[in-house]
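K.L.:
Okay, predicted coordinates and the sequence, questions at the end:
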Amino acid sequence: MGLDSDDPRSAGEVGKVGVAIDSLEDVRRLFSDIPLGDVSTSMTINATAAILLLLYELVAKEQGVPAPAIKGTVQNDILKEYAARGTYIYPPRPSMRLVTDLFGYCQAELPAWNTISISGYHIREAGSTAVQEVAFTLANGLAYVAAAEERGLDVESFAPRLSFFWNAHNLLFEEVAKYRAARRLWARLMRDRIGATTPNAQRMRFHTQTAGSTLTAQQPLNNVVRTAYQGLAAVLGGTQSLHTNAYDEALGLPTEASATVALRTQQILAYESGVTDTVDPLAGSYYVEALTDAVEKEALALIEQIDAIGGAVAAIEQALAEAGVKPSEVDLVCAAHGGVPDAGTVGDAL
């Protein structure tokens, strides 16, 4: 949210929810032993994504890495913050301007960078169903594409750098169907609604993380099993990358030992189980195909309801209005809550 670590409003956050970055020097220290020409980095950062990307780019250049070789992802998905997480700073439309500014900058300066990670993960963690996760995420994706085109960016050029971020929840077959439906629906929307003609502009590239909300603080070792099955669903559904949660994350940030178990879980899936030997291994299953069709149909119906409101941005502004907050006053609401917005103010209305 752009607050310094020693700001009183940051109390309770620093050291508990990830790496605290306040300055260019912090980024230098963080990546001092990591060769940024060889490593791709993903940053879960939204409202201040442009600032963090610039700091990262500066450190990479200090290491001698040319701009075209800098690889990674900033989440940069502000719309889901209003509904699911609450770490927004600015009103929706100025926030969309920052998102698409970053699209344009990366297209010109950092061509290998993933400009956004359009996230269903947090929507699911906030309590949505699998269908709602697909619908709300794709509606947000359509809003970003429309905003970028309004800025004069060419969809065939910026769309290949879009990425998605999904949750891997407990019901294995439903999750596989969810990924399959999302991929199919996004390709069709990009082709038929947006008019993208190239396969790269229609393709959904996605990362998956296992469901933190399913982890238990009691008997935490059972979370190893939960995470393994959730990771299996993601792989069977076609994920390009995977994050498996550590078994102790219901208690705090993971220990080195628990993080190692999470890593080994991925490696066993990738190299010992055989599930990566074929593309779409559950294709043709009567049950999975029927579930995929059902998820796609129900998600599209929700997207059409959002379209009727005027799209994702208009839906968020309507929710703000119903909560008694004018979109132009979101920053004032943030200030009234000590700089950290009450996610319930907007999320409950949505």
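P.N.:
Thanks, I have the structure now. Here the structure is a predicted model, which means the values were calculated and not measured.
K.L.:
hang on, residue 248 is in a strand, isn't it?
P.N.:
No: secondary structure of residue 248 (DSSP: H, G, I helix; E, B strand; the rest coil): coil, not part of a strand.
K.L.:
Was I right to think it contacts residue 220?
P.N.:
Yes: counting by CB atoms under 8 Å, residue 220 is a contact partner of residue 248 at 5.3 Å. The C-beta positions use only the backbone N, C-alpha and C, and glycine is treated the same way.
K.L.:
Which one's more surrounded, these two?
P.N.:
residue 248 (20 against 16; other CB atoms under 10 Å).
K.L.:
And that one, how far from residue 18?
P.N.:
Distance, residue 248 to residue 18, by CB to CB, to the nearest Å: 16 Å.
K.L.:
Tell me the spacing between residue 145 and residue 159.
P.N.:
The value you get for residue 145 to residue 159, if CB to CB is used, is 7 Å.
K.L.:
I'd like to know the average pLDDT value across stretch 224-234.
P.N.:
The average pLDDT within stretch 224-234 is 98.
K.L.:
Stretch 259-268 too?
P.N.:
98.
K.L.:
give me the low-pLDDT residue ranges for this protein?
P.N.:
326-350 (pLDDT under 70).
K.L.:
can you pull out the strands in it?
P.N.:
Taking DSSP state E, the strands of the chain run over residues 41-43, 72-74, 113-114, 116-119, 162-168, 206-210, 241-243.
K.L.:
now residue 300: how far from residue 12?
P.N.:
Counting by CB to CB - residue 300 and residue 12 are separated by 40 Å.
K.L.:
more neighbours, the two?
P.N.:
More crowded of residue 300 and residue 12, by other CB under 10 Å: residue 300, with 18 against 9.
K.L.:
How many residues are close by the residue nearest to residue 239 when sequence neighbours are not counted?
P.N.:
Nearest residue to residue 239 in three dimensions, chain neighbours excluded: residue 208, at 4.2 Å (CB to CB, 6 or more residues apart in numbering). By other CB under 10 Å, 27 other residues sit near residue 208.
K.L.:
Pull the contacting residues for residue 208.
P.N.:
Residue 208 is in contact with 165, 166, 167, 168, 179, 231, 234, 237, 239, 241, 242, 243, counting by CB atoms under 8 Å, 6 or more residues apart in numbering.
K.L.:
Likewise for residue 102?
P.N.:
49, 50, 53, 74, 76, 115, 116.
K.L.:
next one: residue 289
P.N.:
Counted by CB under 8 Å, 6+ apart, residue 289 has contacts residue 283.
K.L.:
Identify the residue nearest the most centrally placed residue in the chain in space, chain neighbours excluded?
P.N.:
In the chain, the residue lying closest to the centroid (CA atoms, centre = their mean) is residue 119, at 2.9 Å. Excluding its sequence neighbours, the residue lying closest to residue 119 (CB to CB, 6+ apart) is residue 165, at 4.2 Å.
K.L.:
Since that was my last question, I'll sign off now.
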